[in-house]
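Trainee: show me how the following folds:
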Amino acid sequence: MRLNVYSEEIPTDIHFAAPLAELLTKKAHSGVIYSAVRMFLHSSDRLHQTPMDDDRSAITFWLPQSPERREFLAHTFEQLAAMIRHAPVETGAD
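Mentor: The predicted model follows:
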């Protein structure tokens, strides 16, 4: 599976009122607790019916259970952050 997120969908306003990322946990019917990290994306105001409606576009990464696999995932995100910081500035769209 490939997921494309275009730069226009990534909130870049540092004064944005809503959180841009969150940690969440959910308990399954089996009693197992799952954790995830979520990055919110820009979505049209037309998608929200009420002020309490939080049906924003987002990407959710469900976390592995083992500390080794979690550390590997965290390291991958750190590599992505380094690549973002070092990518040529003349590329992309705002």
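
Trainee: what about the helices in this structure?
Mentor: Applying DSSP state H to the chain gives helices spanning 67-86.

Trainee: show me the contacts for the residue nearest in space to the middle of it.
Mentor: With distances taken as Cα atoms, centre = their mean, the residue of the chain nearest its centroid is M39 (1.8 Å). Each residue near M39 by Cβ atoms under 8 Å, 6 or more residues apart in numbering is listed here: 20-21, 58-59. Yep, even glycine has a C-beta here, placed from its N, CA and C like the rest.

Trainee: go through these and flag which are in strands.
Mentor: If you go by DSSP state E, the contacts of M39 have 21, 58-59 in strands.

Trainee: ok, those vs A28, which is closest?
Mentor: Ranked by distance to A28 (Cβ to Cβ), the ones in strands among the contacts of M39 are led by A58 at 20.1 Å.

Trainee: I figured that closest one hits L41, correct?
Mentor: Yes. In this structure, A58 is within contact of L41 by Cβ atoms under 8 Å, at 6.1 Å.

Trainee: count of residues packed around F40?
Mentor: The local packing of F40 (other Cβ atoms under 10 Å) involves 20 other residues.

Trainee: OK, contacts around it?
Mentor: Counting by Cβ under 8 Å, 6+ apart, F40 touches 11, 18-22, 56-58.

Trainee: now, of the residues you listed, which are buried?
Mentor: Among the contacts of F40, those classed as buried by 16 or more other Cβ atoms under 10 Å are 20, 56.

Trainee: dump the contacts of F40 into a markdown table; add pLDDT and distance to Q79 as well.
Mentor: Supplementary listing: these in a markdown table, determined by pLDDT from 0 to 100; distance: Cβ to Cβ, whole Å:
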| residue | pLDDT | distance to Q79 |
| --- | --- | --- |
| P11 | 81 | 22 |
| A18 | 70 | 27 |
| P19 | 75 | 24 |
| L20 | 85 | 20 |
| A21 | 90 | 18 |
| E22 | 92 | 22 |
| R56 | 75 | 27 |
| S57 | 84 | 24 |
| A58 | 89 | 22 |
